[in-house]
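Chemist: Provided below for reference: sequence and predicted model.
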Amino acid sequence: MARDVKFGVFGNMFPPMDAALESLKRAEEEGWDFIDLPDQLMSTHPLEMLKPPVPASDPSSPTSMYSEIWFGSMEMCAAAAVLTKKPEILLAVIDPLRRSPAVMAQEMMTLQHMSGGRMTFAIGAGEQKQFEPFGEKRDKPFGRLEEAVNTWLTLWNCEGKPVSRESEFWPLKDAIFPIPLHEAGRPGLLMVGGGPRVQRLAGTLGDGWLTYLPGGSNNDNEWMAEYIDGIRKHATDAGRDASKLRFNAQVVTVLAENDDKAWELARSPTRAGSR
């Protein structure tokens with residue numbers, strides 16, 4: 001069965017802000033299908049290692065690479081929502097542990113309305129580097145992830161009426177969520193990670209799965225195929241249409257004039273910023 005394949009680009013998440021905003025408009029002009037604006041506080045690299053990955057002569061170039069500085073993801077998605085008209089806006093990846101699920105539900109639905117129904121969020125259980133250095137506790141991360149998604153769905157579907165729901169972490173008691181669903185429906189939800197729990201959630205609560213390649217599958221395409229088949233089976237068992245699931249990959253790619261230049265850039269990915 002033929003499937004649509006779409007290609008997107010990371011939005012520029014680093015200063016200067018005017019160039020980052022311009023990069024969003026340029027990404028649309030260049031014809032990318034979606035713009036990905038990740039949620040990060042800090043990178044895993046030592047400071048001063050990742051320089052701005054754009055030529056100094058062209059700071060608004062849509063690079064699809066990142067530096068050690070990250071602007072706020074929700075804010076950049078809001079900017080993309082008003083500065084572009086067609087591309088899907090993908091916030092990949094964000095965790096629902098460091099923010100209240102009710103507040104996130106409001107922010108996410110606001111962005112859905114602001115963008116005209118173009119929002120998709122890829123949800124993971126968080127990284128320790130986003131928690132411990134900032135005084136956050138990463139306790140029962142996958143249980144909290146599942147409960148956060150169920151909280152969103154409950155609030156988004158309550159039709160403005162008081163709703164209650166038991167939860168180990170965030171019980172709702174006569175909660176009212178007055179923002180209506182956008183005519184395009186709720187934002188898209190992709191699950192991120194591995195293991196049986198994420199596999200189940202991707203098929204039963206989410207709209208599919210997102211991974212990072214080549215690392216996300218350990219270069220084992222057979223494992224990845226089996227994992228995707230498992231997601232589809234969970235969807236079918238839950239009475240959902242598995243053919244409507246989507247599967248995204250953040251693929252590390254270097255494009256250059258020839259192989260030698262591509263390998264050179266791959267070994268020093270931020271060299272472009274020094275030109």
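Modeler: Sure thing, it's come through. Worth saying up front: this structure is predicted, and the values here are computed from it rather than measured.
Chemist: Quick check: the gap between Gly185 and Arg118.
Modeler: Using CB to CB, to the nearest Å, we find Gly185 at a distance of 12 Å from Arg118. Backbone N, C-alpha and C define where each C-beta goes, glycine included.
Chemist: Looking at the two, which one has more neighbours?
Modeler: The residue with more neighbours, out of Gly185 and Arg118, is Arg118; 24 against 10, by other CB atoms under 10 Å.
Chemist: Test my guess that Glu168 contacts Glu147.
Modeler: Yes - at 6.6 Å, Glu168 counts as touching Glu147 under the criterion of CB atoms under 8 Å.
Chemist: Would you mind telling me which of the two has more residues around it?
Modeler: A direct count of neighbours by other CB under 10 Å for Glu168 and Glu147 places Glu147 higher, at 19 against 9.
Chemist: ok, and for the host helix or strand of the more buried one, which residues are buried?
Modeler: For Glu147, the host element (DSSP states H and E) is helix 141-156. Neighbour counts over helix 141-156 (16 or more other CB atoms under 10 Å) mark 141-142, 144-152, 154-156 as buried.
Chemist: I'd like the average pLDDT over stretch 230-245.
Modeler: Across stretch 230-245, pLDDT averages out at 97.
Chemist: Endpoints of it, how far apart?
Modeler: 12 Å (CA to CA, to the nearest Å).
Chemist: Would you map the strands across the stretch 151-275 of the chain?
Modeler: Assignment of strands within the stretch 151-275 of the chain using DSSP state E, counting those that start in this stretch yields the ranges 163-165, 172-175, 188-192, 208-213, 246-251.
Chemist: Most tightly packed of these?
Modeler: Per-stretch averages of neighbours, counted by mean count of other CB atoms under 10 Å, single out strand 188-192 among the strands of the stretch 151-275 of the chain, with a mean of 23.
Chemist: tell me the average confidence for that strand?
Modeler: Mean pLDDT, strand 188-192: 98.
Chemist: So what touches that strand?
Modeler: 92-93, 119-124, 149, 152, 198, 201-202, 205-211, 246, 248 (CB atoms under 8 Å, 6 or more residues apart in numbering).
Chemist: Show me the shaky parts of this structure.
Modeler: Applying pLDDT under 70 to the chain flags residues 1-3, 269-275.
Chemist: Which residue lies nearest the spatial centre of it?
Modeler: When CA atoms, centre = their mean is applied to the chain, the residue found nearest the centroid is Ala92 (1.3 Å).
Chemist: For the closest residue to it other than its chain neighbours, what is the enclosing helix or strand?
Modeler: In space, Ala92 comes closest to Ala122 once its chain neighbours are excluded; the distance is 3.4 Å by CB to CB, 6 or more residues apart in numbering. Counting by DSSP H and E, the element that carries Ala122 is strand 119-123.
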